[in-house]
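Undergrad: Would you be able to build a 3D model of this:
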Amino acid sequence: MARVSREAFVPTELREEAAFDEALPIGFGQTISQPYVVALMTSVATIDHGARVLEIGTGSGFQAAVLCALGAEVYSIEIVPELHARAKQALDTLGYRVHLRQGDGSLGWPEASPFESILVTAAPRVVPPALFEQLAIGGRLVAPVGSDAQVLQLWTREPSGLRVKTLLPVRFVPLTGAGA
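TA: Numbering: from 1, shown residues only. The predicted model follows:
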C-alpha cells in the first residue's frame, strides 16, 4: 500500500484528502474505497506474486495498482466508460500494467479465467454465478454483498465446493450489470 500513491487516483480537488482513511467520490456516483478496506480485501484474497487476479469495478484504478505492486497479473473491468478511460490513463502514466476492459463486470472475464483471486469492489445483492465459475480451485473471492445491509464476504473454492466466511459490515456502491 505504501508503494502506491492514492493521490494519483483521486480527483485533483480531493488530493489533500487522499491520505485520510475514508472513501472519496470519484464521479459518476462512484467512490474510491478507504485504504483500510483496500488493504483488508487485498490481504484476505492472499495475492501471491504472479497470481492471476480479476477485479470487478476498476473505479479510479487504485486497487488494481495495489494488486500490481504485489506482482499480480491483474484483469480489471469497469462498467462506466469515463472511469475506465481515467483509470487507464492513471495506470498507464504510473507504469502499472493492467489488462483493462470496459464492460459488465458481473459477467467476469471468462477467456482469461481461471483466477486465483477475484475482488469485487461494488456490492451485488448476491455474488454473480459467473464469477464463481471463473474462480480456480483453491481460489478466493472477496466481495461486499447485500443491498441495504452489506457484509464483506470471503469465498473459497475448494474441490468439494464453495465455502464462505463473513468478515465485517461494509458500505459500497451497488454493482450494476446484467448479472448483478
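Undergrad: which residues does residue 120 contact?
TA: Counting by Cβ atoms under 8 Å, 6 or more residues apart in numbering, residue 120 makes contact with 55-57, 105, 127, 131, 141-144, 175. Any C-beta I mention is one placed from the backbone N, CA and C, and that applies to glycine too.
Undergrad: Please apply the same query to residue 72.
TA: When contacts are counted by Cβ under 8 Å, 6+ apart, residue 72 is found next to 47-53, 117.
Undergrad: If we use 7 Å, what do you get?
TA: Residue 72 is in contact with 47, 51, 53, counting by Cβ atoms under 7 Å, 6 or more residues apart in numbering.
Undergrad: Out of those, which one has the lowest pLDDT?
TA: Ranked by pLDDT, these bottom out at residue 47, which scores 94.
Undergrad: ok so, going back, just the ones in helices from the contacts of residue 120, please.
TA: Among these, DSSP state H puts residue 131 in helices.
Undergrad: Restrict the contacts of residue 120 to the buried ones and give me that as a ChimeraX selection.
TA: In ChimeraX syntax, the buried subset of the contacts of residue 120 is picked out as below (16 or more other Cβ atoms under 10 Å):
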select :55,56,57,105,127,131,141,142,143,144,175
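Undergrad: Just the contacts of residue 120: which are in strands?
TA: 55-56, 141-144 (DSSP state E).
Undergrad: how about TSV for those, with distance to residue 157 and pLDDT added?
TA: Listed next are the ones in strands among the contacts of residue 120 as TSV, based on distance: Cβ to Cβ, whole Å; pLDDT from 0 to 100:
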residue	distance to residue 157	pLDDT
55	17	98
56	16	98
141	7	98
142	13	98
143	13	97
144	19	96
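Undergrad: Which one of the residues you listed is nearest to residue 81?
TA: Taking Cβ to Cβ as the measure, residue 81 sits nearest to residue 56 out of the ones in strands among the contacts of residue 120, at 16.1 Å.
Undergrad: Could you check how far that closest one is from residue 168?
TA: Distance, residue 56 to residue 168, by Cβ to Cβ, to the nearest Å: 19 Å.
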